[in-house]
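Participant: Pasted the sequence and its predicted model underneath.
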Amino acid sequence: MQMTFAGRELDMGRCHVMGIVNVTPDSFSDGGRYNSVELAVQRAREMVADGAAFVDVGGESTRPGAAPVSEQEELDRVCPVVEAIARDVDTVISVDTSTPSVIRETARLGAGLVNDVRALEREGAVDAAVEAGLPVCLMHMKGAPGTMQQNPEYRHVVRDVATYLMDRVRVCEAAGIPAENILLDPGFGFGKTLEHNLQLLATLEQLRVLGYPLLVGMSRKTMLGQITGREVSERLPASLAVATISVLKGASVIRVHDVRETVDAVRVVEAMQAQGY
Ligand SMILES: Cn1c(SCC(=O)Nc2ccccc2)nc2c(=O)[nH]c(N)nc21
């Protein structure tokens, strides 16, 4: 199952690692604009050298309680970084955005994947994605970042998430996004309790049968802190565990902070799967 990202073809039957390049101001020491672009390019280079097939560039923090970012601020943060990575690094640039103008502009600058935590629900986002002509990742989020973790409730979380994603697929395909350009993502931590997250992980293969490659992101997330009691900086072992489980259950892309370590964990799973059992 091949998918082409701005000219770069990847086999979605295999598992690929996506490294996180944060360009929100709280992810950089002072240093100013030039410094942060250079740091982001350097980070992207390191992650690609460590085996990342994608780098995910996002300018809007979706941490609960994070201040909303203006369209211009998002453009100012993301575009210079996408342009610089496209120029200097041989990789697929995933852009973590829900904003139509950012989708359009970054596609022009060399982005290869639209990664929208809001599944293109914003006004004009679907049309922007159609015009960009790029693959899109449609992720499930219940509510909005500021309030989503306040007592999220579902009738049946696995069914509800699958139903939502299939509805978004229908809208996107009807608008002109080809089925072979769509990835799905259950959105771990986006409007889910620990139990919801664990049920979605335990039944990930059920999401896979919808027929679209899956992207998952649990790296260092709160759900792992709830299970282990570890701080964000101490969640690598738990992150590797959920990455391994995800690959075993058919995920095609794993979004992580720790590329080098995750690449090795994925290699172990794929070495076993290559035996054909
Ligand atoms: C942009 N983005 C994010 S940001 C949230 C995050 O990393 N929080 C976080 C990270 C570390 C610690 C605590 C929270 N998560 C996903 C995801 O799961 N899937 C897709 N497709 N995109 C995503």
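Facilitator: Ah, there it is. Residues are numbered from 1 along each chain as shown.
Participant: Mind checking what secondary structure the nearest residue to Glu231 once chain neighbours are set aside has?
Facilitator: The shortest distance from Glu231 to any non-neighbouring residue, by Cβ to Cβ, 6 or more residues apart in numbering, is to Gly225 (7.1 Å). C-beta here means a position set from N, CA and C on the backbone, and glycine is covered the same way. Following DSSP: H, G, I helix; E, B strand; the rest coil, the label given to Gly225 is helix.
Participant: need the residues of the stretch 101-250 of the chain near the ligand, please.
Facilitator: 115, 117, 137, 139, 185, 187-188, 215, 217, 220-222, 232 (Cβ under 6 Å from any ligand atom).
Participant: So what's the residue count around the closest residue to the ligand within the stretch 1-150 of the chain?
Facilitator: Proximity of the stretch 1-150 of the chain to the ligand (Cβ to the nearest ligand atom) peaks at Asp96, 4.0 Å away. Close neighbours of Asp96, defined as other Cβ atoms under 10 Å, add up to 25.
Participant: before we move on, back to that, just the buried residues from the residues of the stretch 101-250 of the chain next to the ligand, in PyMOL please.
Facilitator: To isolate the buried members of these in PyMOL, using 16 or more other Cβ atoms under 10 Å:
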select buried, resi 115+117+137+139+185+187+188+215+217+220+221+222
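Participant: give me every residue that touches the residue of the stretch 101-250 of the chain found nearest the ligand.
Facilitator: Ranking the residues of the stretch 101-250 of the chain by distance to the ligand (Cβ to the nearest ligand atom) places Gly217 first, at 2.6 Å. For Gly217, the contact set (Cβ atoms under 8 Å, 6 or more residues apart in numbering) comprises Asp185, Phe188, Gly189, Ile254, Arg255, Val256.
Participant: can the longest strand anywhere in the chain be found next to the ligand?
Facilitator: Criterion DSSP state E: the longest strand present in the chain is strand 16-22. No - figure legend: strand 16-22 not in contact with the ligand (Cβ under 6 Å from any ligand atom); closest approach 6.7 Å.
Participant: buried sites along stretch 171-180?
Facilitator: Residues Cys172, Ile177 are the ones in stretch 171-180 that count as buried (16+ other Cβ under 10 Å).
Participant: And the helices in the stretch 151-277 of the chain?
Facilitator: Secondary structure of the stretch 151-277 of the chain (DSSP state H, counting those that start in this stretch): helices at 157-175, 194-202, 204-208, 222-228, 236-248, 259-273.
Participant: In TSV: those, plus mean pLDDT.
Facilitator: Listed next are the helices of the stretch 151-277 of the chain as TSV, based on pLDDT from 0 to 100:
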stretch	mean pLDDT
helix 157-175	98
helix 194-202	98
helix 204-208	97
helix 222-228	98
helix 236-248	98
helix 259-273	98
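Participant: Low-confidence ranges, this structure, go.
Facilitator: Counting by pLDDT under 70, the chain has low-confidence residues at 26-32.
Participant: ok so, going back, quick check, nearest of the contacts of Gly217 to Ala128?
Facilitator: Asp185 (18.9 Å; Cβ to Cβ).
Participant: Skip the chain neighbours and tell me the closest residue to that closest one.
Facilitator: With Cβ to Cβ, 6+ apart as the criterion, Asp185 has its nearest non-adjacent residue at 3.9 Å, and that residue is Met139.
Participant: Setting the sequence-adjacent residues aside, check what's closest to the residue of the stretch 1-150 of the chain closest to the ligand.
Facilitator: In space, and not counting its chain neighbours, Asp96 is closest to Gly58: 3.0 Å by Cβ to Cβ, 6+ apart.
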